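Chemist: kindly generate the corresponding structure for this input.
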Amino acid sequence: MIQINQDLVDQIIDHAQSVDPIEACGYLAGKGDVVSKMYPLTNVDHSPEHFSLDPLEQLKVRKEARLDGLDIIAVYHSHPASPARPSDEDIRLAHDPDIIYAIVSLASDEPVLKAYKIQQGNSVTNHKKVILNVDLHITANS
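Modeler: Residues are numbered from 1 along each chain as shown. The predicted structure is shown next:
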């Protein structure tokens, strides 16, 4: 489970809507399972179907988060025209089993934010990736 307040959810949605129709992307940082800050990043692909984080921005944000005493908890991105679930490409490119992947969908009138962990299968013969829903607890603004 991760906890995030409504203000941060609104900021993620605002970021996604501001760059629509391309996919928005960024980091969510905090301590433990509590997200306390979002870091919007540039989608260097400028694509409505996939994203790549800007490597220089990634380094800068990771350093800033560390200086703030925060850990990167999740990578977020938007799906401008599809549901808030990992696409085949999202699954294929998910290489960090410890990070949470948060996806905001703009495909309907009401944006939807969901979170997932994407991990390799845990048996020797099962090399497929396993998608686990992460309980996203949205708290009131503080």
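
Chemist: tell me the bridge partners for His77.
Modeler: Following DSSP bridges, His77 is listed with bridge partners Cys25, Ile103.

Chemist: so how many other residues sit close to it?
Modeler: 23 (other Cβ atoms under 10 Å). (C-beta placed from N, C-alpha, C; glycine too.)

Chemist: kindly report the same for the one 5 residues further on.
Modeler: By the measure other Cβ under 10 Å, the count of residues near Ser82 is 14.

Chemist: in contact with the nearest residue to it once chain neighbours are set aside, which residues?
Modeler: In space, and not counting its chain neighbours, Ser82 is closest to Ala107: 5.7 Å by Cβ to Cβ, 6 or more residues apart in numbering. Contact partners of Ala107, counting by Cβ atoms under 8 Å, 6 or more residues apart in numbering, are His79, Pro80, Ala81, Ser82, Pro83.

Chemist: JSON lines for the residues you listed, including secondary structure, distance to Gln17 and pLDDT?
Modeler: Formatted as JSON lines, the entries for the contacts of Ala107 read as follows, by DSSP: H, G, I helix; E, B strand; the rest coil; distance: Cβ to Cβ, whole Å; pLDDT from 0 to 100:
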{"residue": "His79", "secondary structure": "strand", "distance to Gln17": "13", "pLDDT": "97"}
{"residue": "Pro80", "secondary structure": "coil", "distance to Gln17": "9", "pLDDT": "97"}
{"residue": "Ala81", "secondary structure": "coil", "distance to Gln17": "13", "pLDDT": "96"}
{"residue": "Ser82", "secondary structure": "coil", "distance to Gln17": "15", "pLDDT": "96"}
{"residue": "Pro83", "secondary structure": "coil", "distance to Gln17": "17", "pLDDT": "94"}
